[in-house]
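Visitor: Sequence and predicted model, in that order:
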Amino acid sequence: MKGLLKKDLALLANIGKIYVGVSLFCMVLGLVNEDMRDFSLSFLVIMFSLAAPSTLSYDEFDNGMPWLMTLSADRSVYAKEKYLLSILLGLAGAVVAVILGALVFRINPFQGGSDSQIAILVAFFFTSGLMLAVMIPAKLKFGPEKSRIIAMGMVIAVWIVFFAGKHMLESFGVSFSGAMESLEKVPNGAVVLTLFIFYGICMSASYFCSVRILEKKEF
């Protein structure tokens, strides 16, 4: 796995300028508009995390997968490395976001309340995990082109579920804004712990799906 991880990090280093540019863009966006600071920092977590599935396309280029499968690492190790890379990149994005927030925007990452930067970054880290839990198996099963369509469909489905849930709450006489205010009263520690538990469940289920797909796939 160590060799696979080094390979992917070397591949991503070749396009590192893109992520430097994204970081600078987020920094400028936050300086220009203070209301966009939380979004710009959280966007870094998403961008860094989603870099991992792009390595699948590099592996498939020029008939590379049959060669990789002849190495000592078996298919389960290959899948495990992709998920480990996703988690490491997501954490790296969170660290960069905390550093930028503290040095550039003068945000205290440990500030409590509804504006807690740590809680917001964890929420976006969880969101990236949900996206990766679908994107990685989809890329392994259908390839890069069809997986993009599936990813777009997933985003649309999330919005449909969100608005449908909001409509259902209101139809039962429950105020959606009131429900959101109630959630804001939940301690940040409980929110962070809950999101990490769900993140682990989603990524574990996705990993086993990916391993099953790889075991059935012929190269």
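Guide: Nice, I can see it. Residues are numbered from 1 along each chain as shown.

Visitor: Centre-most residue in the chain?
Guide: In the chain, the residue lying closest to the centroid (Cα atoms, centre = their mean) is Ser128, at 2.0 Å.

Visitor: What strand or helix carries that residue?
Guide: helix 117-171 (DSSP states H and E).

Visitor: among the helices and strands of this structure, which one scores worst on average pLDDT?
Guide: Here the helix or strand of the chain ranked lowest by mean pLDDT, DSSP states H and E is helix 176-184, holding a mean of 58.

Visitor: any idea which helix or strand comes after that helix?
Guide: Per DSSP H and E, the first helix or strand lying C-terminal to helix 176-184 is helix 188-216.

Visitor: Just list the residues touching the residue of the chain most remote from its centre, thanks.
Guide: The centre of the chain is farthest from one residue, Gly173, which by Cα atoms, centre = their mean lies 34.3 Å away. Listed by Cβ atoms under 8 Å, 6 or more residues apart in numbering, Gly173 has no contact partners. For glycine as for every other residue, the C-beta is placed from the backbone atoms N, C-alpha and C.

Visitor: and it, which of the three is it?
Guide: At Gly173 the chain is in coil, as set by DSSP: H, G, I helix; E, B strand; the rest coil.

Visitor: Look up how far Ile213 lies from it.
Guide: Separation of Gly173 from Ile213 (Cβ to Cβ, to the nearest Å): 45 Å.

Visitor: Could you do Ala13 as well?
Guide: Using Cβ to Cβ, Ala13 is found at 28 Å from Ile213.

Visitor: ok, the two, which is more surrounded?
Guide: Legend: neighbour count by other Cβ atoms under 10 Å for Ala13 and Ile213, higher for Ile213 (18 against 9).
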